[in-house]
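K.L.:
for reference, the sequence and a predicted model appear below.
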Amino acid sequence: MADSVPESTIDAVFPPCFEERYSDCCRRHGVLPNPSLLSSFLKAEVKKACHQLCSLVIFLDDLKDADFPPLFDIFMEIDTSEIDAVDIYHDSSCDLNGEYVLLLLRAIGQKLRVVDLQDVSFGKEFLRDLSQRGLMCRVLNLKSSHFRKLNMVGNFIQLCTLNLDFSSSLTGFRQDCFTCMPNLKSLSLCETRITNLWTTSFALIKLPLLVELRFQNCLCYDESTGYPGSSGGAAANSDLLTNGLYIGGSFIDEDYYKYLTIEEAYIDDELQSISEDSTDDSELDFSNCNKERSLLDALSSAIPGWNRIVDMQNEISYGKSVMQNEETSSSSSNSRHISSCVPKKYNSCHASPICYERHYREYMIASLPGLEVLDDIPIRKADRDRAKFVFSQHFEYLPYKRKNKESIVNVLQNREIKACCTRSKNSRKTLHSSAKSQCFYSRSLSAAKAGSSAWPLLHPLSISGRISGDESRNFRPRQFEYHPSDASLMAFGTLDGEVVVINHENENIVSYIPSLGAMNSVLGLCWLKKYPSMLIAGSDNGSLKLYDTKHILTGNKGIHSSATSVTFDEFDQLTSVHVNSTDEWFLASGYSKNVALYDIGCGRCLQVFTDMHREHINVVKFSNHSPSIFATSSFDQDVKLWDLRQKPIFPCYTASSSRGNVMVCFSPDDHYLLVSAVDNEVKQLLAADGRLHLDFNIGPTGSSQNYTRSYYMNGRDYIISGSCDENVVRICCAQTGKRLRDLSLEGKGAGASMFVQSLRGDPLRDFNMSILAAYVRPSSNSEIVKVNLLASCENAREYFDYLHSRTPYCMGG
């Protein structure tokens, strides 16, 4: 009689197959085995029997919440099992518990290979947990996800391919995004809302191995057939366009072309070694892969998901062929000029807004030197040469033409070393050299700070508070002006006719002037220079007043207005006021062809100059140093310079734009006029004779209502420009016209679109500005947003803690 062998010994020699283990787990949990999972385990068993990579494919669409506990038991021992890799797919909305899905992904651990979650419907907590904790997968497809600001800071150390196509809420990246993706090679961001070249490239530069990037699908077409250059015709092209992660061979890491096929002949080094060390303990014995193919055909009829994998294989092969054709064509072409273009014709689709930025492709190629493929188009040497040339012509890498990023510590050390050397020279040279060094190192310090702050500090001012007793107000700002000599003060006028002076450093309201009479909007504000407590305020109902803010009483219970004021003759439908350099006169303009001149000392209107333009005059500005020189800008497309000494019947000169002029201003030294016309037509003229000095070439939107405003920053070194149909402020060098960077405004919450209603450069702080930002949503109040380009948003928490430690919204100075 043969000795009986213990059952545990049999299991050790002949371990149960995957289906048996899964069925046992189901019995323990009192649930029926899921047919889709049974078929998945059978397919994995077949691969193991054929000595191939034993991969398990799970379709979440076929699962219910009750199917997860048995899977958790299976994957508790996955590290010691014969399963080499697990792929997770999810196609459509389902009622699965997102927490279960996360637990499943975590349980699989390092053997997780592909995670394809389309139209993610597991809620915000699911995406937040995924971003903060990371995943160990190699391919992550989160198409149609609901990210707004991408902040993937978790552990994604194995991730090689990331797809976020059709994430229509995604507008940009947080500062720490991509810091834990050292192996990411391929990234796709088609049909998102990403627009900013600067923050995007700054985020992507953290990916050391990134070689393939896509913000749009560019398909190569054969001119003779009208179809993509490989083969397949229109039908194949249609399939190609409707799939995100696997479009085109240029996107997926070459290692994954075979990873994602049915036969899976490719095994990477790590998985290859695992397979070679394992033995075939399966009860099934297949002599060749043809038996597997027939079995897989049978599985396809039982599980529709397998057909998607088969189709995916065809799409990948097609895309790879396109890439091969492109590379062949590229290598055979002889490019003699730097401006040579790709010889094939490309059709773009699913483009993100960033693709429409001027010089987008050249900027990305120049900013990401390791990139090999952009938007499915290979990057050749001629492309890199052209990108370098275009970047140097149109963009400023760092402020003040600095070529290389420096640390702040190095700049300070070099300044001290230079100062020590200068002291040893004679006194005359010392004074000259010290002055020169001070300017040079001040600019170098600014360049170092700006270069390390791709996400500058944006801080909306808290402009609500108590105004009388226990009464509180939420102000609705419409216009604002920095104080010309007190760096802490700012005045703003409201849609309700109020004028408020605020200490914008600590957000304390200093003075409050209530609206008197009918409801009106304050559209004109101007501080006096010799009398720093006084300002002129003009409203759209024609009201014009001079206020002395130091006579406004303040107290612990609020502010009570007893301001001394001077009332001037009304100027109907007023839009602009401005005081001359000696505080003798001010000008007013509005929805008319006339300009009125007022005497501040006498408190009366001296003269009305009629028919100065053919259409209404939106803005009038005195020069900063010549008390009789002023400029007018009109929607008749003309800008005119006038001199009061010559009785302004005829202008000194007239300069024209192609669209209506929204505004004009002098540079701080009066050398230039900055003219802003509708839809981003911004030019700098020589103030002496009106000749064109610079055209800033900001791209138009095509909107006739896109009113553009521009001002100087850092003296006359830079200009800032924003428009009322856009949420972007452009910063350009006023000497070369090159773009330093764009600044994007983000509203509070999804769907809260913003636009630039007005803006000003801080006259006393370099690289500081404020923006009057309005929401598209009528129920939301406009807000004044302070911007510091030399500080990073990562310091915002410390800044806010400092503000909140002070007495909130009090009315004292």
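P.N.:
Cool, the structure landed.

K.L.:
and the helix or strand that contains K621, how far out from the chain middle?
P.N.:
If you go by DSSP states H and E, K621 is part of strand 617-622. Distance of strand 617-622 from the chain centroid (Cα atoms, centre = their mean, to the nearest Å) equals 34 Å.

K.L.:
other SSEs contacting the helix or strand just after that strand?
P.N.:
Past strand 617-622, further along toward the C-terminus, the next helix or strand under DSSP H and E is strand 629-634. Helices and strands touching strand 629-634, as assessed by 3 or more Cβ pairs under 8 Å, 6 or more residues apart in numbering; DSSP states H and E, comprise strand 617-622, strand 638-643, strand 661-666, strand 672-677. Just so you know, the C-beta spots here come from the backbone N, C-alpha and C atoms, and that holds for glycine as well.

K.L.:
could I get those as a markdown table with mean pLDDT?
P.N.:
Below are those laid out as a markdown table (pLDDT from 0 to 100):
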| stretch | mean pLDDT |
| --- | --- |
| strand 617-622 | 97 |
| strand 638-643 | 98 |
| strand 661-666 | 97 |
| strand 672-677 | 98 |
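
K.L.:
could you dump the ones you listed to a markdown table with distance to V785?
P.N.:
Below are these laid out as a markdown table (distance: least, Cβ to Cβ, whole Å):
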| stretch | distance to V785 |
| --- | --- |
| strand 617-622 | 22 |
| strand 638-643 | 29 |
| strand 661-666 | 20 |
| strand 672-677 | 20 |
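
K.L.:
for these, give me CSV that also has distance to N727 and mean neighbour count.
P.N.:
Below are the helices and strands packed on strand 629-634 laid out as CSV (distance: least, Cβ to Cβ, whole Å; neighbours: other Cβ atoms under 10 Å):
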stretch, distance to N727, mean neighbour count
strand 617-622, 22, 24
strand 638-643, 27, 22
strand 661-666, 18, 24
strand 672-677, 17, 26
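
K.L.:
out of these, which gets nearest to I157?
P.N.:
Minimum separation from I157 across those (Cβ to Cβ) falls at strand 672-677, 48.7 Å.

K.L.:
helices and strands around the closest one, which ones?
P.N.:
If you count contacts as 3+ Cβ pairs under 8 Å, 6+ apart, strand 672-677 packs onto strand 629-634, strand 638-643, strand 661-666, strand 681-686, strand 708-713.

K.L.:
make it 7 Å
P.N.:
strand 661-666, strand 681-686, strand 708-713 (3 or more Cβ pairs under 7 Å, 6 or more residues apart in numbering; DSSP states H and E).

K.L.:
partner strands of the next helix or strand after the second one and their direction?
P.N.:
For strand 681-686, the succeeding helix or strand toward the C-terminus, using DSSP H and E, is strand 692-695. For strand 692-695, sheet partners with direction are given as strand 681-686 (antiparallel), following DSSP bridges.

K.L.:
so the partner strand versus strand 638-643, what angle?
P.N.:
30 degrees (axes from the mean of the first three to the mean of the last three Cα atoms, to 10 degrees).

K.L.:
strand 681-686 versus strand 708-713: what angle between them?
P.N.:
Using the same axes, to 10 degrees: strand 681-686 against strand 708-713 is 40 degrees.

K.L.:
strands along the stretch 701-813 of the chain, start to end?
P.N.:
708-713, 718-723, 728-733, 739-744, 754-761, 768-775, 783-792 (DSSP state E, counting those that start in this stretch).

K.L.:
packed most tightly, which of these would that be?
P.N.:
Greatest average neighbour count among the strands of the stretch 701-813 of the chain goes to strand 718-723 (a mean of 25), per mean count of other Cβ atoms under 10 Å.

K.L.:
nearest to W527, out of the helices and strands packed on strand 629-634?
P.N.:
Across these, closest to W527 is strand 617-622 (Cβ to Cβ), at 12.8 Å.

K.L.:
just to revisit the earlier point, which neighbouring elements make contact with the strand holding K621?
P.N.:
strand 574-579, strand 585-590, strand 629-634, strand 661-666.

K.L.:
okay, the angle between the first one and strand 629-634?
P.N.:
In this structure, strand 574-579 runs at an angle of 170 degrees to strand 629-634, with the same axes, to 10 degrees as the basis.

K.L.:
for the last one, same thing?
P.N.:
Following the same axes, to 10 degrees, one obtains 160 degrees for the angle between strand 661-666 and strand 629-634.

K.L.:
picking up where we left off before, out of the helices and strands packed on strand 617-622, which is closest to F72?
P.N.:
strand 661-666 (62.9 Å).

K.L.:
what strands line up against that closest one, and which way round?
P.N.:
strand 672-677 (antiparallel).

K.L.:
ok, and what's touching the partner strand?
P.N.:
631, 633, 639, 657, 659-667, 682-687, 693, 708-710, 712, 716, 719, 721 (Cβ atoms under 7 Å, 6 or more residues apart in numbering).

K.L.:
what's around N404, how many residues?
P.N.:
8 (other Cβ atoms under 10 Å).

K.L.:
before we move on, the earlier item: and the helices and strands packed on strand 617-622: which comes nearest S39?
P.N.:
When the helices and strands packed on strand 617-622 are compared by Cβ to Cβ, strand 661-666 sits nearest S39, at 65.9 Å.

K.L.:
centre of the chain to that closest one, how far?
P.N.:
28 Å.

K.L.:
ok, stretch 699-718 next?
P.N.:
19 Å.

K.L.:
quick check: H459 is in a helix.
P.N.:
No. Under DSSP: H, G, I helix; E, B strand; the rest coil, H459 sits outside any helix and is assigned strand.

K.L.:
isn't it right up against I784?
P.N.:
No. Contact criterion Cβ atoms under 7 Å: H459 and I784 do not qualify, at 9.6 Å.

K.L.:
out of the helices and strands packed on strand 629-634, nearest to F391?
P.N.:
strand 672-677 (24.9 Å).

K.L.:
the closest one versus strand 617-622: what angle between them?
P.N.:
Using the same axes, to 10 degrees: strand 672-677 against strand 617-622 is 170 degrees.

K.L.:
now strand 672-677 against strand 718-723, angle please.
P.N.:
10 degrees.

K.L.:
how far does strand 672-677 sit from the chain's center?
P.N.:
Per Cα atoms, centre = their mean, the centroid offset for strand 672-677 relative to its chain is 27 Å.

K.L.:
circling back to that earlier point, I'd like to know which of the helices and strands packed on strand 672-677 is closest to N506.
P.N.:
Of all these, strand 708-713 comes closest under Cβ to Cβ, at 23.1 Å.

K.L.:
list the strands paired with the closest one, with their directions.
P.N.:
By DSSP bridges, strand 708-713 pairs with strand 718-723 (antiparallel).

K.L.:
quick one: contacts of the partner strand?
P.N.:
674, 676, 680, 682, 698, 706-713, 728-734, 740, 756, 759, 761, 769, 771.

K.L.:
where does this structure have low pLDDT?
P.N.:
1-16, 119-120, 221-345, 417-437, 464-472, 516-519, 552-563, 748-752, 779, 794-813 (pLDDT under 70).

K.L.:
so how many other residues sit close to E416?
P.N.:
The local packing of E416 (other Cβ under 10 Å) involves 11 other residues.

K.L.:
in three-state terms, label L37 for me.
P.N.:
Three-state call for L37 (three-state DSSP): helix.

K.L.:
contacting residues around the closest residue to it other than its chain neighbours?
P.N.:
For L37, ignoring the flanking residues on the chain, the nearest one in space by Cβ to Cβ, 6 or more residues apart in numbering is Y22 at 6.3 Å. For Y22, the contact set (Cβ under 7 Å, 6+ apart) comprises P33, L37, L38, F41, P70, I74.
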